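K.L.:
From the sequence below, what's the structure:
(2 chains)
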2 protein chains.
Amino acid sequence: MTDAQAALAAISFNADGLVPAIAQQFDTGEVLMMAWMNREAVAETLATGRVCYYSRSRKGLWRKGETSGQQQHLKEFLIDCDGDTILVKVDQDGVACHTGRRTCFYTAARPEGLVEVATVQVDPKDLYGK
Amino acid sequence: MTDAQAALAAISFNADGLVPAIAQQFDTGEVLMMAWMNREAVAETLATGRVCYYSRSRKGLWRKGETSGQQQHLKEFLIDCDGDTILVKVDQDGVACHTGRRTCFYTAARPEGLVEVATVQVDPKDLYGK
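P.N.:
Sure thing, here's the model as predicted:
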């Protein structure tokens, strides 16, 4: 049994065949984003060492960084206690968020209201060539 | 508008009225668990400063630590770029996982197979009094 087969057997995919996957920068601990994987995305991620999600909007594999160049290199693939969530520890090239921020989690809900807590590091136009 | 109203307006709940919420230890960066919140759980978490989820199995609010004593004290409540995932930075009392481990993400998929990478710190019997 390969690692992908063992992992797939331990994962409980939901009714849509998907599992949520959290991406965390392996050395700083920063939580970068959350997206979804199907069986094929899990297998490809483990086989290639580059993180691949399933895009629910495009209904297809989403090889992170394929368009933007902002790839995620897999350092550790973790499955939670009941098998219904994945945590990938990655080395993120550049920024994870399509807005050009390092992390997608840049809006804090505080007593004074919503506060932006991460700045744009790259112009999205430079990421997507538009 | 209170912070809860601003947060609720910024969150895209799914068809079941839920949003995934990742819990991260605020100082060490350790990702502890992922669970779900409904509107009421979000509002209660922001109002009380103690993290409250929605239990899909029990179909009711799940005040983390109510039974086990292992509460999560809210440090920061973050919403992602498209509003469909929450990241709560917390101070976790004791352990987050019902297995008595600090984190639910203790199973790594590696080339040699599945490897346990976090040890049991508390006997679950001591957490749940059974």
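K.L.:
Leaving out the residues flanking it, which one is nearest to whichever residue of chain A sits closest to chain B?
P.N.:
Residue of chain A nearest chain B, by CB to the nearest CB: A:Gly29 (2.4 Å). Placement of C-beta: from N, CA and C, glycine included. Distances taken as CB to CB, 6 or more residues apart in numbering or on different chains put B:Gly29 closest to A:Gly29, at 2.4 Å, once the chain neighbours are dropped.
K.L.:
What of A:Glu112?
P.N.:
Sequence neighbours aside, B:Asp3 is the residue nearest to A:Glu112 in space, at 7.5 Å (criterion: CB to CB, 6+ apart).
K.L.:
sorry, back to before: what residues are up against the residue nearest to A:Gly29?
P.N.:
Each residue near B:Gly29 by CB atoms under 8 Å, 6 or more residues apart in numbering or on different chains is listed here: A:Gln24, A:Thr28, A:Gly29, A:Glu30.
K.L.:
Only alpha carbons, please: show the longest helix belonging to chain A as CSV.
P.N.:
Counting by DSSP state H, the longest helix found in chain A is helix A:39-48. Provided in CSV are the C-alpha atoms of helix A:39-48 (Å, rounded to 0.1, in the frame of the first residue of the first chain):
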residue,chain,number,x,y,z
ARG,A,39,-9.6,11.7,-3.9
GLU,A,40,-7.6,12.6,-7.0
ALA,A,41,-6.3,15.8,-5.5
VAL,A,42,-5.1,13.9,-2.4
ALA,A,43,-3.4,11.3,-4.5
GLU,A,44,-1.7,13.9,-6.7
THR,A,45,-0.6,16.0,-3.7
LEU,A,46,1.1,13.0,-2.1
ALA,A,47,2.6,11.8,-5.4
THR,A,48,4.0,15.1,-6.6
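K.L.:
what sits up against the helix or strand that it is followed by?
P.N.:
Counting by DSSP states H and E, the element after helix A:39-48 in chain order, helix or strand, is strand A:52-55. For strand A:52-55, contacts defined as CB under 8 Å, 6+ apart pick out A:18, A:21, A:35-38, A:40-41, A:44-45, A:60-64.
K.L.:
how about whichever helix or strand comes after strand A:52-55, does it get close to chain B?
P.N.:
Next along the chain after strand A:52-55, taking DSSP H and E as the criterion, comes strand A:60-63. No: applying CB under 8 Å from any CB of the partner chain, one finds strand A:60-63 out of contact with chain B, separated by at least 14.0 Å.
K.L.:
which residues does the residue nearest to A:Val122 when sequence neighbours are not counted contact?
P.N.:
Nearest non-adjacent residue to A:Val122, counting by CB to CB, 6+ apart: A:Gly100, 4.2 Å away. The contact partners of A:Gly100, taken as CB under 8 Å, 6+ apart, are A:Val120, A:Gln121, A:Val122, A:Asp123, A:Pro124, A:Asp126, A:Leu127.
K.L.:
Tell me which helix or strand the residue lying closest to the fifth one once chain neighbours are set aside sits in.
P.N.:
Translated: A:Pro124. Computed as CB to CB, 6+ apart, the closest residue to A:Pro124 that is not its neighbour in sequence is A:Gly100, at 4.9 Å. Using DSSP H and E, A:Gly100 sits in no helix or strand.
K.L.:
Tell me the pLDDT of A:Gly100.
P.N.:
On the pLDDT scale, A:Gly100 is placed at 96.
K.L.:
and the residue nearest the centre of chain A, what does it touch?
P.N.:
By CA atoms, centre = their mean, the mean C-alpha position of chain A lies nearest to A:Ala23, the distance being 4.3 Å. Counting by CB under 8 Å, 6+ apart, A:Ala23 touches A:Val31, A:Leu32, A:Met33, A:Met34, A:Ala35, A:Val51, A:Gln72, A:Val88, A:Val90, A:Gln92, A:Ala96.
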